[in-house]
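Chemist: predicted model and sequence below, questions to follow.
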Amino acid sequence: FILFNNMRLLTHNFLKSNVKGTENGYPLSIEVTSIRCDESPVDKEFLLNLLPKVNYPALRTAVQQVNPHCDPPLSEIPEELNVSDKDGNQNLDDTVIANLHRVLFDIYLVEGWLVCPDTGRKFPVKDGIPNMILHEDEI
């Protein structure tokens, strides 16, 4: 029995730096040491219900940061997407849905760093677990 801890790009999309004095702690940059790319079945309905909660520009940036470490490289996702347009997103073609699913659910940061864009503070990711605990002087 092997237990995998998984920090997906979906998880990354919701994390931010709360270091004292930080004005712009989102989105965190990703520095990859190791990454895992798996495949899982696409659930279009689940994906479409989740999209309105995703910061799409932050997701695109994350994809650009991890893509050089993926083999094979990630497929393109739309440059722009109105994630809150539930009706319009129902009409996204299956390839776009599959590509969005892959970047949100199938890419795992195993080892690396999440970096605050404001302070440069690096939060380690070890065994797929991001450590966002602040030091005493950062609270």
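Modeler: Looks like it arrived, so ask away. This one's a predicted model, so the numbers in the text were calculated from it and none came from an experiment.
Chemist: all strands of this structure, in order?
Modeler: For the chain, strands defined by DSSP state E occupy the ranges 29-37, 107-115, 122-126, 129-130.
Chemist: among the ones you listed, which is nearest residue 20?
Modeler: For the strands of the chain, proximity to residue 20 was assessed by C-beta to C-beta; strand 122-126 is nearest, at 14.7 Å. Every residue, glycine included, has its C-beta placed from N, CA and C.
Chemist: quick one: that closest one to strand 107-115, angle?
Modeler: On the basis of axes from the mean of the first three to the mean of the last three C-alpha atoms, to 10 degrees, strand 122-126 is oriented at 150 degrees to strand 107-115.
Chemist: residues contacting the closest residue in space to residue 107 that isn't next to it in sequence?
Modeler: Nearest-residue entry for residue 107: residue 9, 5.2 Å, with adjacent residues in sequence omitted and distances by C-beta to C-beta, 6 or more residues apart in numbering. Residues in contact with residue 9, defined by C-beta atoms under 8 Å, 6 or more residues apart in numbering, are 59, 62-63, 66, 103-104, 107, 109.
Chemist: would you list those residues in TSV and tack on pLDDT?
Modeler: TSV is the format used below for the contacts of residue 9 (pLDDT from 0 to 100):
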residue	pLDDT
59	98
62	97
63	97
66	96
103	97
104	97
107	94
109	96
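Chemist: so which of the strands of the chain is the most packed in?
Modeler: Stretch with highest mean neighbour count among these: strand 107-115 (a mean of 21; mean count of other C-beta atoms under 10 Å).
Chemist: hmm, who's touching that strand?
Modeler: Contacts for strand 107-115 (C-beta under 8 Å, 6+ apart): 4, 6-9, 12, 15, 28-38, 66, 70, 74, 121-128, 130, 132.
Chemist: now render the strands of the chain as JSON lines, adding distance to residue 55.
Modeler: As requested, those are exported to JSON lines (distance: least, C-beta to C-beta, whole Å):
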{"stretch": "strand 29-37", "distance to residue 55": "14"}
{"stretch": "strand 107-115", "distance to residue 55": "15"}
{"stretch": "strand 122-126", "distance to residue 55": "18"}
{"stretch": "strand 129-130", "distance to residue 55": "17"}
